[in-house]
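Novice: Got a predicted structure plus its sequence, pasted below:
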Amino acid sequence: MTFSNETPPVPEFRQADAAGTPPRTALVAGASGIAGSALVDLLTAQGWSVLALSRTPVAARPGVIPVGADLRSVESLREALAGHQPTHVFFTAWLRQATEAENILVNSAMVRDLLTALADAPVQHVALMTGLKQYLGPFEAYGQGEVPDTPFHEDEPRLSVENFYYAQEDELWAAARARGFTWSVHRAHTVIGHAVGNAMNMGLTLAVYAAICRELDRPFIFPGSETQWNGVTDMTDAGLLAGQMVWAATTPAAADTAFNIVNGDTFRWRWLWPRLAAYFGVEPEGFVDTPRPLETQMTDGQPVWDRIVATHGLVEADLGRLASWWHSDADLGRTMEVFADMGRSRAAGFTGYRNTEQAFLELFDRYRAERLVP
């Protein structure tokens, strides 16, 4: 599959607004994930009706209708969504595959099939969450070749390697051109937020890692590269990401645009790491000589976690549902500087900001309150 560097299409027509302000119904695909959960919380707080779509339905609550469906099956989606009339779609789901060719096939099809299943719905806007692999390349070619200079800007041309983000965008743009809804793309960087069982969850991963270090009386060792330890970086809080997605879906000036979405502060891990360690009462240890990946450090993790769960009465015993060692290793092991520019979003009117250290500490507080970590 090849990808175009052409400017994304702008739909030639728009669905007419009904008189007054019609009720708005949001469909959140990936509603149980980090970004999806934050979207469901924000939308319900703002008074939207929310269709929470996930393979395993989320719990029902006021304003939220759980929808169980397989995004890999257009038939499953059509059956589950029959009779529902969403006006806005927020797509935050992805399924990791063994190769990038498979990632492209599966993840682009999920976007296409969902929009196909909604062919008769009054969709006005579709917001797609992607990430900074837009600029860094897919896992198979991560950081290889001509990576743009930091900070990354949205008008950078696509890299000359296949990438499932590009395929998802192409599906979105084709549907927007054909059906006349507006769209937005949201490129986040290392999202932290509340979720369990998520494949890319650095916040919960580091909390679990710290708990195991404390149990074993080990130092809280930074697992990544010298570049990440000393270099400038940034992150994305899930609540801020949700805010930008809802803003873009309801703001004419943001229509048909791709936006970076990061917290708005930058930091160095050599500064933040000791602060995270202090929260958990463990001794921090920085980069020394070579990366020390979590997947290597935590080979004995499950038996230790079993002991921690029993001692503290925690509610989740499966370490694999809490910690995604591979993902945090990939992010923290990068050998290039990574941070993104927010100028386009600010110029269009989105001025949201989140302090990254505070985002981590508040997330840790929540996980402790829910007895997911001690």
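Specialist: That came through fine. Numbers count the residues shown, from 1 in each chain.
Novice: Which other helices and strands does the longest helix seen in the chain contact?
Specialist: Counting residues, the longest helix found in the chain (DSSP state H) is helix 100-117. Secondary-structure packing of helix 100-117 (3 or more Cβ pairs under 8 Å, 6 or more residues apart in numbering; DSSP states H and E): helix 74-81, strand 88-91, helix 164-179. Yep, even glycine has a C-beta here, placed from its N, CA and C like the rest.
Novice: Could you double-check that Glu171 lies in contact with Asp113?
Specialist: No - Glu171 lies out of contact with Asp113 (Cβ atoms under 8 Å); the separation is 9.3 Å.
Novice: picking that back up, mean pLDDT and distance to Pro284 added to the helices and strands packed on helix 100-117, as CSV?
Specialist: Shown next, in CSV, are those (pLDDT from 0 to 100; distance: least, Cβ to Cβ, whole Å):
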stretch, mean pLDDT, distance to Pro284
helix 74-81, 95, 46
strand 88-91, 98, 37
helix 164-179, 98, 34
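Novice: Deepest-packed of those, please.
Specialist: strand 88-91 (a mean of 28; mean count of other Cβ atoms under 10 Å).
Novice: residue boundaries of the helices in the stretch 151-300 of the chain?
Specialist: 164-179, 202-216, 226-230, 238-250, 269-280, 294-297 (DSSP state H, counting those that start in this stretch).
Novice: how about the fifth one: buried residues?
Specialist: If you call a residue buried by 16 or more other Cβ atoms under 10 Å, then helix 269-280 has these buried ones: 269-270, 272-273, 276-277, 279-280.
Novice: Please convert the residues you listed to CSV, extending it with distance to Ser37 and pLDDT.
Specialist: Output for those, formatted as CSV (distance: Cβ to Cβ, whole Å; pLDDT from 0 to 100):
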residue, distance to Ser37, pLDDT
Trp269, 26, 98
Arg270, 31, 98
Leu272, 24, 98
Trp273, 26, 98
Leu276, 22, 98
Ala277, 27, 98
Tyr279, 22, 98
Phe280, 23, 97
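Novice: okay, among the residues you listed, which ones form the most distant pair?
Specialist: Arg270 and Phe280 (17.7 Å; Cβ to Cβ).
Novice: Ala127 belongs to a strand?
Specialist: Yes - assessed by DSSP: H, G, I helix; E, B strand; the rest coil, Ala127 belongs to a strand.
Novice: mind listing what it touches?
Specialist: Residues in contact with Ala127 (Cβ atoms under 8 Å, 6 or more residues apart in numbering) are 88-91, 183-186, 245, 248-249.
Novice: how many neighbours does Ala238 have?
Specialist: 27 (other Cβ atoms under 10 Å).
Novice: If you could redo that for Ser49, that was the one I meant.
Specialist: 18.
Novice: What's the separation between Ala242 and Arg78?
Specialist: Ala242 sits 27 Å away from Arg78, taking Cβ to Cβ, to the nearest Å as the criterion.
Novice: can I assume Glu316 is in contact with Val373?
Specialist: No - with contact defined as Cβ under 8 Å, Glu316 does not count as touching Val373 (9.2 Å).
Novice: list the residues that contact both of the two?
Specialist: Common neighbours of Glu316 and Val373 are listed as Leu322 (criterion: Cβ under 8 Å, 6+ apart).
Novice: between those two, which one's more packed in?
Specialist: Neighbours per residue (other Cβ under 10 Å) separate Glu316 from Val373, with Val373 holding more: 22 against 18.
Novice: Can you tell me the element the more buried one falls in?
Specialist: Here Val373, judged by DSSP states H and E, is contained in no helix and no strand.
Novice: so who does it touch?
Specialist: 204, 207-208, 210-211, 314, 322, 364, 367.
Novice: Next, format these as a markdown table and append distance to Lys133, neighbour count and pLDDT.
Specialist: What follows is the contacts of Val373, written out as a markdown table (distance: Cβ to Cβ, whole Å; neighbours: other Cβ atoms under 10 Å; pLDDT from 0 to 100):
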| residue | distance to Lys133 | neighbour count | pLDDT |
| --- | --- | --- | --- |
| Leu204 | 21 | 27 | 96 |
| Ala207 | 25 | 23 | 97 |
| Val208 | 25 | 26 | 97 |
| Ala210 | 27 | 21 | 98 |
| Ala211 | 30 | 25 | 98 |
| Leu314 | 33 | 19 | 98 |
| Leu322 | 24 | 24 | 95 |
| Phe364 | 27 | 20 | 98 |
| Tyr367 | 27 | 22 | 97 |
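Novice: Let me have those residues in a markdown table, adding distance to Gln46 as columns.
Specialist: Listed next are the contacts of Val373 as a markdown table, based on distance: Cβ to Cβ, whole Å:
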| residue | distance to Gln46 |
| --- | --- |
| Leu204 | 26 |
| Ala207 | 29 |
| Val208 | 32 |
| Ala210 | 34 |
| Ala211 | 35 |
| Leu314 | 33 |
| Leu322 | 30 |
| Phe364 | 26 |
| Tyr367 | 25 |
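Novice: from those residues, which is closest to Val304?
Specialist: Ala211 (8.9 Å).
Novice: distance of that closest one from Thr266?
Specialist: 28 Å.
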